[in-house]
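K.L.:
let's see this in three dimensions:
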Amino acid sequence: MCADLIGDLCTAGVAVRDRFLTRAEVYALRLCAQTRRERGEFAAARIGAERTLQRREEIRGDSICWLQEPLFAAERELLERLEELRLQLNRDALLGLFELEMQYARYPPGTGYARHVDRPQRRNQRRVSLALYLNERWQAADGGELRVFCGDERHRDIEPQGGRLVTFLTDRREHAVLTTKRERLSLTGWFRTRD
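P.N.:
Coordinates of the predicted model:
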């Protein structure tokens, strides 16, 4: 599976893998997110950099929780699996990836994230973006697709089906989260380089 994913990522710049996680793994991670939410670890997402960070719900309506210690068992198992992917990306695509930063992202109904890139101003460490969906029984009518732009106005819409992993090369890759009609939950992150 990783070899196919890496091939798609290198040739098309975007790779989608269904059933990256089993239903049981999706459920376990949903429980982790729910516990963190109940403990008050989620915060309204903001845009901007450092001193200019601000909440702009018309641009970005999610709340986030960074994945950090102490981790639940399901989170640790996922990070171990993603570490294997990082090492294989380095071997096969020579990307020089050093670490992973990851967060839960929860979008309530009626929210989304306007067209953007995943590189904060003047920082180029993020090389590969990841989205791993934790939604159960998602229907096309629920909205919330990841829209990945492929140059000009061409785009690809990807439904946030539970267990699905989406990866794309971060550099200048514009994307958006379309308005969701029900709660949408994912783990999103970035494989990073040192510089």
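K.L.:
and the residue lying closest to Leu21 once chain neighbours are set aside, how many neighbours?
P.N.:
Of all residues not flanking Leu21 in the chain, Gly163 sits nearest, at 4.2 Å (CB to CB, 6 or more residues apart in numbering). The C-beta positions use only the backbone N, C-alpha and C, and glycine is treated the same way. Neighbourhood size, Gly163 [other CB atoms under 10 Å]: 20.
K.L.:
measure the residue nearest to Arg115 when sequence neighbours are not counted to Gly151 for me?
P.N.:
Once flanking residues are discounted, Arg115 sits nearest to Ala176: 4.5 Å by CB to CB, 6+ apart. From Ala176 across to Gly151, the span is 15 Å (CB to CB, to the nearest Å).
K.L.:
would you say Ala33 is within a helix?
P.N.:
Yes. When DSSP: H, G, I helix; E, B strand; the rest coil is applied, Ala33 is found to be in a helix.
K.L.:
count of neighbours near it?
P.N.:
Residues near Ala33, counting by other CB under 10 Å, number 23.
K.L.:
and what of Tyr133?
P.N.:
Neighbours of Tyr133 under the rule other CB under 10 Å: 26.
K.L.:
list the residues that contact the residue lying closest to it once chain neighbours are set aside.
P.N.:
Of all residues not flanking Tyr133 in the chain, Pro160 sits nearest, at 4.2 Å (CB to CB, 6+ apart). Residues near Pro160 by CB atoms under 8 Å, 6 or more residues apart in numbering: 131, 133, 135, 138, 144-146, 184, 186.
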